[in-house]
Each structure stands twice: as structure tokens, then as C-alpha cells.
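Participant: Below are the sequence and a predicted model; questions follow.
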Amino acid sequence: MNKFKGGNDRHLSLSNGGTAVFVDVLTFAVSELAREPWDFRFAALLSLQNQNVMGRGVVGFALEELDWGESPQEAAAAKDFLLRVLDLALTRHRWDELTYEPPRVEGYLRTYRAMVQDFDFATAKAGEDVLPGPQEAARASCVRHRVLNGLPFWEECVFCTDGL
């Protein structure tokens, strides 16, 4: 099981298949909306959830481990971005490009959105940052799939490594 943790001991536990579809639909949305440095850092973190590269059952992260920014305004902007990503994913943005029907992912997205909405970034733990730094932000795009890819961690996007 892969876990994506929120605050107050809330978490989203996903099977390997559930994690793959969760990452796929979020990749479409993140790639569409990323504009600010934090957004591209989050895109890099999302690319690190690629089980085809990282291994099955070993991905996930906790919201409290993210670097939400230096100020309450930066944290609010980062949280707003993540909520907009989830909202866009919930509109089924580009799901027609998937080679499968994701029957449960809408529930995963709704659960995770509630976790993000309720998360108090003031509870983030200093020194436990899992968010890739600015120099590791995902800024390259996969031409074939039109999404941000895994650079600088690897050259392929999540769809390339899945053979799509």
C-alpha cells in the first residue's frame, strides 16, 4: 500500500494500481496549471511517485513534510494551487487520453482534496521536507504526452515509463 498523508492522522491508502491512476490524472492537471516555482517543485514530487521507476508499494508523502513556503501567503498560494489541481483533475481533464477507465479515482481525488482543504500548513514539520528543491523542479515537458516529465530525476514522463 502507498500512503498519502494529510493532517490529523488522515491518509489515503492506495493499491499500486490506485496509486498509478492517481498519479496519472494528477500529472495531467499539474502540467496544465503549473506556473510558479512551487508548482514545478510539486510536479517534480509527483514524478517521484512513479512506481515504474521507484518501485511498487514504496511511494507516497505526507502534507506535513512539504515545504509550504516562507510566509503564510506563500503557503496559502501553494495550497490553493494544489486544490486547483485536484479540482481540475475532478473535471476529468484529459482522462480520455488514458488507455483505461479509472473507476475509483474520482473518490480518491475527493478524499485527497478534503485532506488538503483541511490541512493546516502551520503544522508542517521543519527539516522533513520531501518537496524537491528549486534546482530539481520539473520544468521539462514530454513532447509526446504533453506533460511535465521527471527531469532532473529521469528523462521520461510517467506515461513513457508505462509504455503508453
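Facilitator: That came in fine, so what should we check first? Residues are numbered from 1 along each chain as shown.

Participant: And the strands in this protein?
Facilitator: Ranges of strands in the chain, per DSSP state E, are 2-5, 11-14, 141-142, 147-148.

Participant: For F81, which of those is the nearest?
Facilitator: Nearest to F81 among the strands of the chain is strand 147-148; the distance by Cβ to Cβ comes to 13.6 Å. No exception for glycine: its C-beta is placed from N, CA and C like everyone else's.

Participant: That closest one pairs with which strands, parallel or anti?
Facilitator: Under the criterion DSSP bridges, strand 147-148 sits next to strand 141-142 (antiparallel) in its sheet.

Participant: next one: the strand it pairs with to chain centre, how far?
Facilitator: In terms of Cα atoms, centre = their mean, to the nearest Å, the centre of strand 141-142 is found 16 Å from the chain centre.

Participant: can you list contacts of that strand?
Facilitator: S31, V147, L148, N149, E156, C157, F159, C160 (Cβ atoms under 8 Å, 6 or more residues apart in numbering).

Participant: Thanks a lot, see you next time.
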